[in-house]
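S.K.: What shape does this take:
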Amino acid sequence: MDMKEIREQAKKRMKGCRVCPECNGKACVGMIPGFGGLRTGRSFARNLESLQEYGLIMRSMSGVEEPSTAVEIFGKTLSLPILIAPVGGIVLNAQVDGDPEEEEIKYDEAVSQAAMEAGTWAFTGDSGAPYMYSSGIASCKKRPGCVVPTIKPREDDKIIEKAVLAEQSGAPAVACDIDAATLINMRIFGQPVGPKSAESIAKVAASIQIPFIVKGVMSAEEALACAEAGAKGIVVSNHGGRVLDGMVGTADVLPEIAEAVKGRITIFADGGVRHGEDVLKLIALGADAVLVGRPAAVAAIGGGAEGVKLMLDTFKRELCDAMMITGVRDIRCVNPRILKKLK
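M.R.: Numbering: from 1, shown residues only. Just a heads-up that it's a prediction; the model follows:
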């Protein structure tokens, strides 16, 4: 199996994604449910554009031959700084044929198995139907220490209930994607979600022993608020451009967020990551690790665990090449001078 075959199989199965040669949001504008960007798709597109506005500077005389891609997250060593982003509602979003619960289980099994084999973590999703969270919990129990269940911004007590379940299931951390407060999919299911306050974050963080990650932070002010509330990690993310049109991209705000909280809280970032070079750029801009969403979904649906593992291996190889040619020996010590703003 190669990536071309995986993409061909995914294209046959998925109606909620065009599986385009360049995943830039142009062919899937407004496809929600689906993997498109909301309304005009500008937020989706801006994630890629903001990354493309940075160029890598070659330093091929540095003598780097075997760069280290290992990172430490919450005291655990991962073999690479690339994690699987949470994707839930596979039948609803990917629009594949099959029983919704069975397809959800297959998806979570694929991403979590591949992550374990690659020495990294997979975030799993949540949505309106109970099986959409319990599926990730089941994978978490099978592969303790490798799965980070992600909870929609429900009422605080519901988040705590689900977070405790994740902790009991062997999760290394648990997340809440607070940027899903206006997500169309949750409205379809009639589920009560809404904005979260610093008080809510503090309440959840204090209720569990494992690290609490807040996904959907796009300002230095909210990053600081999360750190002060006791969150151990944030994901700089605009939810793939799926919750609000006309937003800035991840790379637009990551440097100022890193300036505010780097070293105080673990910084993850997602949005527009398509190759290993994108990973290196986001880390140079201040992230400790990155999350990959749409490419992982295509790989899982087109090739199962083998497809996702191949995708991760490909990203790692590309990242190593980018590190060698820019003179980066250790991904934990990336100098932002390897980047130049092009515009």
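S.K.: wait, I283 sits on V290?
M.R.: Yes. Look at I283 against V290 with Cβ atoms under 8 Å: they come within range, at 7.1 Å. From N, CA and C alone the C-beta is placed, and that goes for glycine too.
S.K.: so what sits against both of those two?
M.R.: Shared contacts of I283 and V290, defined by Cβ atoms under 8 Å, 6 or more residues apart in numbering, comprise P81.
S.K.: Without its sequence neighbours, what residue ends up closest to L183?
M.R.: V243 (5.7 Å; Cβ to Cβ, 6 or more residues apart in numbering).
S.K.: To what extent is the closest residue in space to P336 that isn't next to it in sequence buried, counted in neighbours?
M.R.: Take P336 and drop its neighbours on the chain: the residue closest to it by Cβ to Cβ, 6+ apart is A284, 5.0 Å away. A284 sits with 21 neighbouring residues when counted by other Cβ atoms under 10 Å.
S.K.: I figured A284 was touching I331, is that so?
M.R.: No. A284 is beyond contact range of I331, at 10.0 Å (criterion: Cβ under 8 Å).
S.K.: While we're on R154, how confident is the model there?
M.R.: At R154, the pLDDT value in this model is 92.
S.K.: Validate this expectation: it resides in a strand.
M.R.: No. Counting by DSSP: H, G, I helix; E, B strand; the rest coil, R154 is located in no strand; its state is coil.
S.K.: I82 versus the residue nearest to P336, what's the distance?
M.R.: 15 Å (Cβ to Cβ, to the nearest Å).
S.K.: Same check on V193?
M.R.: V193 is 28 Å from I82, by Cβ to Cβ.
S.K.: Next: R329.
M.R.: 18 Å.
S.K.: Neighbour count: the two, which is higher?
M.R.: Neighbours were counted for R329 and for I82 using other Cβ under 10 Å; I82 has more, 25 against 16.
S.K.: pretty sure that one is touching E318, no?
M.R.: No. The criterion here is Cβ under 8 Å, and I82 misses it with E318 at 10.2 Å.
S.K.: what sits in contact with each of those two?
M.R.: Contacts common to I82 and E318, judged by Cβ under 8 Å, 6+ apart, are V279.
S.K.: List the contacts of G249.
M.R.: Taking Cβ under 8 Å, 6+ apart as the test, what G249 contacts is 43, 46-51, 238, 271-272.
S.K.: for the record, mean pLDDT for the longest helix seen in the chain?
M.R.: The residue-count maximum for a helix in the chain (DSSP state H) belongs to helix 294-326. Taken as a whole, helix 294-326 has a mean pLDDT of 98.
S.K.: and the helix or strand that it is followed by, what other elements does it pack with?
M.R.: The helix or strand immediately downstream of helix 294-326 is strand 339-341, counting by DSSP states H and E. Applying 3 or more Cβ pairs under 8 Å, 6 or more residues apart in numbering; DSSP states H and E, we find strand 339-341 packed against strand 54-56.
S.K.: In its sheet, which strands sit next to the strand it packs on, and in what direction?
M.R.: strand 339-341 (antiparallel) (DSSP bridges).
S.K.: ok so, going back, got the contacts of G249 as CSV, with neighbour count columns?
M.R.: What follows is those, written out as CSV (neighbours: other Cβ atoms under 10 Å):
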residue, neighbour count
S43, 24
R46, 23
N47, 29
L48, 22
E49, 16
S50, 21
L51, 23
N238, 25
G271, 33
G272, 27
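S.K.: Can you tell me which of those residues lies closest to G145?
M.R.: Nearest to G145 among the contacts of G249, counting by Cβ to Cβ, is G271 at 26.2 Å.
S.K.: contacting residues around the closest one?
M.R.: If you count contacts by Cβ under 8 Å, 6+ apart, then G271 has 47, 51, 236-238, 240-241, 249-251 around it.
S.K.: So it: helix, strand or coil?
M.R.: Applying three-state DSSP: G271 is coil.
S.K.: what's it sitting at in phi/psi?
M.R.: phi 110, psi 100 (degrees, to the nearest 10).
S.K.: ok, now how distant is it from K215?
M.R.: In terms of Cβ to Cβ, G271 sits 11 Å off from K215.
S.K.: Between these two, which contacts overlap?
M.R.: Here G271 and K215 have S237 as joint contacts, going by Cβ under 8 Å, 6+ apart.
S.K.: thinking again about what came up before, how about the longest helix of the chain, which residues are buried there?
M.R.: 294-312, 314-316, 318-320, 322-326 (16 or more other Cβ atoms under 10 Å).
S.K.: can I get the contacts of G249 in TSV with secondary structure?
M.R.: Putting these into TSV (three-state DSSP) gives the following:
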residue	secondary structure
S43	helix
R46	helix
N47	helix
L48	helix
E49	helix
S50	helix
L51	helix
N238	coil
G271	coil
G272	coil
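S.K.: What is the most widely separated pair among these?
M.R.: S43 and L51 (13.7 Å).
S.K.: For the stretch 1-150 of the chain, which segments are assigned as helices?
M.R.: Using DSSP state H, counting those that start in this stretch, the helices of the stretch 1-150 of the chain run over residues 3-13, 42-52, 90-93, 100-118, 131-142.
S.K.: What is the shortest one packed up against?
M.R.: Other elements packing on helix 90-93 under the criterion 3+ Cβ pairs under 8 Å, 6+ apart are helix 100-118, helix 184-188.
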